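In: need a structure here:
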Amino acid sequence: MDGDQVCSIWLPLDPVSRKAGLEFIAGSHAWGKMYMPKKFLTNEEYAYKPDSFDSIPDIEANRDKYEILSWDLELGDCIVFHFKTLHGGPGNLSQRARRRAFSSRWIGDDAVFADRPGETSPPFPELSSFKQGDPLDHPLFPVCWER
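Out: Residues are numbered from 1 along each chain as shown. Next comes the predicted model:
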């Protein structure tokens, strides 16, 4: 999908320390770039057409060049962020503490279907008839609030 009225909500189901939680690159949603998504389990880029999106910069090797945001989170806390914000987190290295979370995406009136050059996560086979720029008028995207 494309649009500016788009956000993700990351809701931890266990307390999460700053060093084990998500990190965000402040302002990256406004850089005007689209980055190649990476797979959670392998950290490899999706197999999109070559040069369709930029590769994510090596943030870990250049942490001093970015404003990196992260927080200690308790039950009842959540993080709401523009879904184009570069973000990531380490795997859970703890043998004792779980790091479960519920993630959801929320869209506003300007969100439209975007035809991407490869597989999406999650896949949406129900949208195979949608074209670039179509409104997301489909039961997969229920309206939660109207004026």
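
In: so what's Tyr48 closest to, chain neighbours aside?
Out: The shortest distance from Tyr48 to any non-neighbouring residue, by Cβ to Cβ, 6 or more residues apart in numbering, is to Gly118 (3.6 Å). No exception for glycine: its C-beta is placed from N, CA and C like everyone else's.

In: pretty sure the one you found is touching Ala47, no?
Out: Yes. Between Gly118 and Ala47 a contact is recorded at 5.9 Å, counting by Cβ atoms under 8 Å.

In: the residue nearest to Tyr48: how many residues sit nearby?
Out: Residue neighbour count, defined by other Cβ atoms under 10 Å, stands at 13 for Gly118.

In: how much space between it and Ser52?
Out: 7 Å (Cβ to Cβ, to the nearest Å).

In: low-confidence stretches in the chain?
Out: Within the chain, not a single segment meets pLDDT under 70.

In: again, 80 this time
Out: Applying pLDDT under 80 to the chain flags residues 40, 49-51, 90-95, 119-122.

In: which residue is nearest the middle of this structure?
Out: Among the residues of the chain, the one closest to the centroid is Phe83, at 4.7 Å (Cα atoms, centre = their mean).

In: enumerate every residue touching that one.
Out: By Cβ atoms under 8 Å, 6 or more residues apart in numbering, the contact list for Phe83 reads 6-8, 29, 105.

In: what's the most distant pair in those residues?
Out: Farthest pair in the contacts of Phe83 (Cβ to Cβ) is His29 and Arg105. Separation: 13.8 Å.

In: I'd say Gly21 and Leu69 touch.
Out: No. Under the criterion of Cβ under 8 Å, Gly21 is not in contact with Leu69, lying 10.4 Å apart.

In: the two: which is more packed in?
Out: Gly21 (21 against 16).

In: so how far is Gly91 from the more buried one?
Out: Applying Cβ to Cβ to Gly21 and Gly91 gives a distance of 12 Å.
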